[in-house]
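**Student:** build me a structure from this.
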Amino acid sequence: MPTPPTPHDTVPDFIIERFDDHSAAELRAIASYAGTLESSSDVPNYIVQAFAIQDDETRTVVAIYADELADYLEANEAADDEARPDDGDDDTGPGRMGGAFFG
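**Tutor:** Residues are numbered from 1 along each chain as shown. Predicted structure coming up:
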């Protein structure tokens, strides 16, 4: 199991806390936004507001952390998928119709 990334000391605490609520795709959008500051509907408003008052260095470390956290979430998802047993029972074989007719 991968270990979660550690944010740089200059990443604001409120951002670290709020990143727990985002998917890997949303975190990637935040990281991309940090580099361009181009409007996007995929970027939460609190990030737009926070980045407006942050310097370039802070935006950069936030982007790195967002990207690393997205990698971590994706690795966890892949590890979870691999850990699930594949018993081969997909309920599509003969006699497995189920439903109202075959209870």
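
**Student:** only C-alpha atoms from now on, for both contacts and neighbour counts.
**Tutor:** OK.

**Student:** got the phi and psi for residue 12?
**Tutor:** Main-chain torsions, residue 12, degrees, to the nearest 10: phi -60, psi 140.

**Student:** quick one: the helices in this protein?
**Tutor:** Here the chain has its helices, by DSSP state H, at 13-19, 24-36, 45-52, 56-83, 99-102.

**Student:** which residues touch the second one?
**Tutor:** This points to helix 24-36. Helix 24-36 has contacts (C-alpha atoms under 8 Å, 6 or more residues apart in numbering) with 19, 39-40, 42-43, 47, 51, 59-60, 62-64, 66-67, 69-71, 73-74.

**Student:** just the buried ones from those?
**Tutor:** 19, 43, 51, 59-60, 62-64, 66-67, 69-71, 73-74 (16 or more other C-alpha atoms under 10 Å).

**Student:** OK, contacts around residue 55?
**Tutor:** Counting by C-alpha under 8 Å, 6+ apart, residue 55 touches no other residue.

**Student:** for residue 72, see how far away it is.
**Tutor:** 26 Å (C-alpha to C-alpha, to the nearest Å).

**Student:** also residue 39?
**Tutor:** Look at residue 39 and residue 72: by C-alpha to C-alpha, they are 26 Å apart.

**Student:** quickly check the buried ones among the contacts of helix 24-36 for the two that are furthest apart.
**Tutor:** Maximum pairwise distance among those (C-alpha to C-alpha): 25.1 Å, between 51 and 74.

**Student:** give me the distance between the most centrally placed residue in the chain and residue 52.
**Tutor:** Nearest to the mean C-alpha position of the chain, by C-alpha atoms, centre = their mean, lies residue 24 at 1.9 Å. Distance of residue 24 to residue 52, given as C-alpha to C-alpha: 23 Å.
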